[in-house]
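Q: next come a sequence and a model predicted from it.
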Amino acid sequence: MFYEPKKQNHGLSKNPFNSLIIPRPIGWISTVDTNGVYNLAPYSFFNAVSYRPPTVMFSAGAGSADDRHKDSARNVEATGEFVCNLATWALLDQMNHSSASLPPAADEIELTGLTPVPAEMVKAPRIAEAPVHLECKYLKTTLIQGWDEGDEYRVIFGEVVGIHIADNMITDSGLVDVAKMMPIGRLGYNDYTRVDAESSFTLDRPGK
């Protein structure tokens, strides 16, 4: 089949685009607003974009009809900081609950029963239950204009200035034990996947 996304002439029951760029890592972004209220939300339009310096991005779509900004994007732009927490199989339910649309004054960390702990280099909290935290300093926002009026995507870039890895997730040979972490990823629709010992494999690059 062939279709043009803008015409939405795919003829399927749901737009297939989100199920073609897969699997997508989940950026579980924790922030704090200027009043000290914590926010936590998962973003599947998320990835690493450079190695030196280590840099990540997440894309936040429009918020509610009354407030066109997502709390995460607003907080990052106002404070210049955020933390990306690794979403894992063990934290699947909490990750999903933190995706609910709530007013800015709501603290998703408290509502999901998670534990905020201080970061080393930023004021945004880390999630104690997550095995990995990337402390980030805000770099810039790139605006992607949508097709409809008010439909806008804010692509937030941050430099990773501090990294926490749970000691029990590092092997005796000094490698990160990804299979033990069991990170989860987004597939599209309401579908997800996870990385574990059965689904991961090693592939050497040519000439290495």
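A: Good, I have the coordinates. Numbers count the residues shown, from 1 in each chain.
Q: okay, and the beta partners of the residue positioned nearest the centre of the chain?
A: Per C-alpha atoms, centre = their mean, the C-alpha nearest to the average position across the chain is that of Gly27, at 1.2 Å. Beta-bridge partners for Gly27, by DSSP bridges, are Tyr43, Leu86.
Q: model confidence score at it, please.
A: With respect to pLDDT, Gly27 scores 97.
Q: again with Asp151
A: Asp151 carries a pLDDT value of 84.
Q: now do the longest helix anywhere in the chain: which elements does it pack against?
A: Counting residues, the longest helix in the chain under DSSP state H turns out to be helix 71-79. Judged by 3 or more C-beta pairs under 8 Å, 6 or more residues apart in numbering; DSSP states H and E, helix 71-79 is in contact with strand 27-32, strand 38-43, strand 54-60, strand 81-86, strand 132-145, strand 152-165. To be clear about C-beta, it is placed using only N, CA and C from the backbone, and glycine gets the same treatment.
Q: am I right that Met95 sits in a strand?
A: No. Under DSSP: H, G, I helix; E, B strand; the rest coil, Met95 falls outside any strand and is assigned helix.
Q: what's near enough to touch it?
A: Counting by C-beta atoms under 8 Å, 6 or more residues apart in numbering, Met95 touches Ile26, Trp28, Pro42, Ala87, Ile184.
Q: just Cys136 next, same as before
A: Cys136 neighbours (C-beta under 8 Å, 6+ apart): Val56, Glu81, Phe82, Val83, Cys84, Val122, Gly158, Glu159, Val160, Val161.
Q: in PyMOL, how would I select just the buried ones from these?
A: With 16 or more other C-beta atoms under 10 Å as the burial test, the buried ones among those are selected in PyMOL as follows:
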select buried, resi 56+81+82+83+84+122+158+160+161
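Q: what pLDDT does Asp148 get?
A: Here the pLDDT value assigned to Asp148 is 85.
Q: which residues sit in contact with it?
A: Listed by C-beta under 8 Å, 6+ apart, Asp148 has no contact partners.
Q: that one: which element?
A: For Asp148, there is no enclosing helix or strand under DSSP states H and E.
Q: off-centre distance for the longest helix of the chain?
A: Remark: helix 71-79 is offset 14 Å from the chain centroid, using C-alpha atoms, centre = their mean, to the nearest Å.
Q: do the same with stretch 48-65
A: Centre to centre, stretch against its chain (C-alpha atoms, centre = their mean), the figure for stretch 48-65 is 8 Å.
Q: and that stretch, what's its mean pLDDT?
A: In this model, stretch 48-65 carries a mean pLDDT of 88.
Q: now do the buried residues in that stretch.
A: Buried, per 16+ other C-beta under 10 Å, within stretch 48-65: Thr55, Val56, Met57, Phe58, Ser59, Ala60, Gly61, Ala62, Gly63.
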